[in-house]
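Peer 1: I would like the atomic coordinates for the input below:
(one chain, ligands or ions: 1)
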Amino acid sequence: MTSGRAEARTLAGPPAAAELLARAAALAATLPVTPSIAFIRVGDDPASESYVRGKAKKAVELGLHSHVYALPDDTTQADLHALIGTLNADNGVHGVLLQLPLPAHLNADAALACLDPRKDVDGLHPVSAGLLWQGQPGLRPCTPAGVMALLDHYRLPVAGQHAVIVGRSALVGRPLAGLLLNADATVTVAHRATPDLGTVTRRADLLIVAAGHAHLITPDMVRPGATVIDVGINRVPTEGGKARLTGDVHPDVAGVAGALTPVPGGVGPMTVAQLMMNTVQAAQNQTAQVQATQNQTGQNQVGQPNGANGELLR
Ligand SMILES: Nc1nc2c(c(=O)[nH]1)N[C@@H](CN(C=O)c1ccc(C(=O)N[C@@H](CCC(=O)O)C(=O)O)cc1)CN2
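Peer 2: Got it, this is the predicted structure:
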């Protein structure tokens with residue numbers, strides 16, 4: 001504690017994630033297909049292994065189809081593109097996720113650009129990024145969209161707020177700026193090289209930190225009463241030799257902020273829940289596209305002529 005203020009309200013991720021998952025399940029129940037997601041993981045990074053395992057488990061819990069492709073560390077760029085091409089062409093797969101980071105010899109941007117944008121459930125394809133910046137519907141990156149869903153769950157205002165993002169990654173900072181702009185916030189994007197960072201962060205009504213630097217944001221850098229969203233997940237060694245997770249925001253910020261996400265248990269679960277929602281939405285979009293094509297061509301999936309309104313005739 002740094003003052004006599006009450007502690008910040010805790011914005012716990014699990015209840016907000018549960019709401020998002022329930023919405024994804026309800027949408028999936030309206031579809032004529034079971035949404036299906038393929039995960040691609042390259043190499044043996046333990047954190048990536050654990051994240052993919054967690055995401056695949058959640059997909060199965062939700063009743064989705066899920067398959068993990070675990071490729072060896074010496075996978076070539078051509079091998080990776082070939083697998084993505086195969087999954088793009090498979091009508092039974094609605095979403096393809098390439099777990100990041102890739103081993104250093106692989107080019108993630110080139111691989112992401114190979115994805116069919118309709119299956120880009122991570123929202124990282126250049127087409128998805130362009131749609132976001134044009135304010136058009138599309139698949140959005142999971143962590144930024146999860147942050148928006150968390151704010152919505154806790155009924156925290158976004159429109160008219162001055163949002164300051166610390167971090168400019170393609171995975172979080174940049175897409176989050178687009179989402180906040182689309183939601184009528186005034187947005188500043190700062191980063192670790194921003195001179196006098198505290199002067200910038202103190203202007204924030206809504207401060208979102210995704211800098212990948214443990215405890216970068218200290219209480220003196222936060223406007224009293226501000227909402228603070230900590231996207232950082234840093235593994236720091238404990239005295240016992242084990243690693244402990246901590247965020248980019250110093251815990252003492254709870255004495256200044258009005259509301260604060262914990263780490264762990266804040267934004268992390270939202271990333272996974274949003275991925276499930278994106279997969280169901282991708283399946284919905286692809287199903288609607290197939291039906292529209294069948295209506296246009298007068299054919300249905302079993303190759304029979306459709307009725308006058310495009311309905312399936314048996
Ligand atoms: N292709 C992608 N790669 C990566 C993404 C991504 O969205 N797409 N994000 C991160 C890792 N990530 C998912 O992939 C992820 C990170 C954290 C969590 C999470 O639930 N964290 C928990 C703690 C979990 C633990 O104990 O380790 C929490 O914060 O409460 C989920 C997913 C990088 N790569």
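
Peer 1: can you give me the helices for the chain?
Peer 2: Along the chain, counting by DSSP state H, helices occupy 13-29, 46-61, 77-89, 108-114, 126-133, 142-153, 173-182, 197-201, 267-297.

Peer 1: right, so those helices: which one is the most enclosed?
Peer 2: Compared across those, helix 142-153 shows the largest average neighbour count, a mean of 24 (mean count of other CB atoms under 10 Å). For the C-beta atoms, the positions are set from N, CA and C on the backbone; glycine is no exception.

Peer 1: List the contacts of that helix.
Peer 2: 11, 13, 15-17, 19-20, 121-123, 158, 171-172, 175-176, 178-180, 183, 206, 208, 210, 227, 229, 231, 261, 266-267, 270-275, 277-278 (CB atoms under 8 Å, 6 or more residues apart in numbering).

Peer 1: if you set the cut-off to 6 Å instead, what comes out?
Peer 2: Contact with helix 142-153 is made by 16, 19-20, 158, 172, 175-176, 179, 229, 270-271, 274-275, as judged by CB atoms under 6 Å, 6 or more residues apart in numbering.

Peer 1: sorry, back to before: quick one, which of the helices of the chain gets closest to the ligand.
Peer 2: With CB to the nearest ligand atom as the criterion, the ligand lies closest to helix 267-297 of the helices of the chain, at 2.2 Å.

Peer 1: Next, the angle helix 126-133 makes with the closest one.
Peer 2: Angle, helix 267-297 to helix 126-133, by axes from the mean of the first three to the mean of the last three CA atoms, to 10 degrees: 100 degrees.

Peer 1: near the ligand at all, helix 267-297?
Peer 2: Yes - for helix 267-297, a contact with the ligand is found by CB under 6 Å from any ligand atom, at 268-269, 271-272.

Peer 1: mind listing the strands for the stretch 101-250 of the chain?
Peer 2: Under the criterion DSSP state E, counting those that start in this stretch, the stretch 101-250 of the chain contains strands at 162-166, 186-190, 206-209, 227-230, 234-237, 243-246.

Peer 1: Save the helices of the chain as TSV, and put in mean pLDDT too.
Peer 2: Output for these, formatted as TSV (pLDDT from 0 to 100):
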stretch	mean pLDDT
helix 13-29	98
helix 46-61	97
helix 77-89	98
helix 108-114	98
helix 126-133	98
helix 142-153	98
helix 173-182	98
helix 197-201	98
helix 267-297	95
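
Peer 1: Quick one: closest of these to residue 250.
Peer 2: helix 197-201 (12.1 Å; CB to CB).

Peer 1: Enumerate the residues of the protein near the ligand.
Peer 2: Residues of the chain lying near the ligand (CB under 6 Å from any ligand atom): 51, 97-100, 122, 142-143, 171, 233, 245, 263-265, 268-269, 271-272.

Peer 1: how about a cut-off of 8 Å?
Peer 2: With CB under 8 Å from any ligand atom as the criterion, the chain comes near the ligand at residues 13, 47-48, 50-52, 54-55, 97-101, 122, 124, 141-143, 171, 233, 245, 262-269, 271-272, 275.

Peer 1: would you list the strands of the stretch 101-250 of the chain in CSV and tack on mean neighbour count and mean pLDDT?
Peer 2: Listed next are the strands of the stretch 101-250 of the chain as CSV, based on neighbours: other CB atoms under 10 Å; pLDDT from 0 to 100:
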stretch, mean neighbour count, mean pLDDT
strand 162-166, 25, 98
strand 186-190, 18, 98
strand 206-209, 28, 98
strand 227-230, 26, 98
strand 234-237, 12, 94
strand 243-246, 14, 95
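
Peer 1: Tell me which of those strands approaches residue 105 most closely.
Peer 2: strand 234-237 (24.0 Å).

Peer 1: quick one: that closest one to chain centroid distance?
Peer 2: In terms of CA atoms, centre = their mean, to the nearest Å, the centre of strand 234-237 is found 22 Å from the chain centre.
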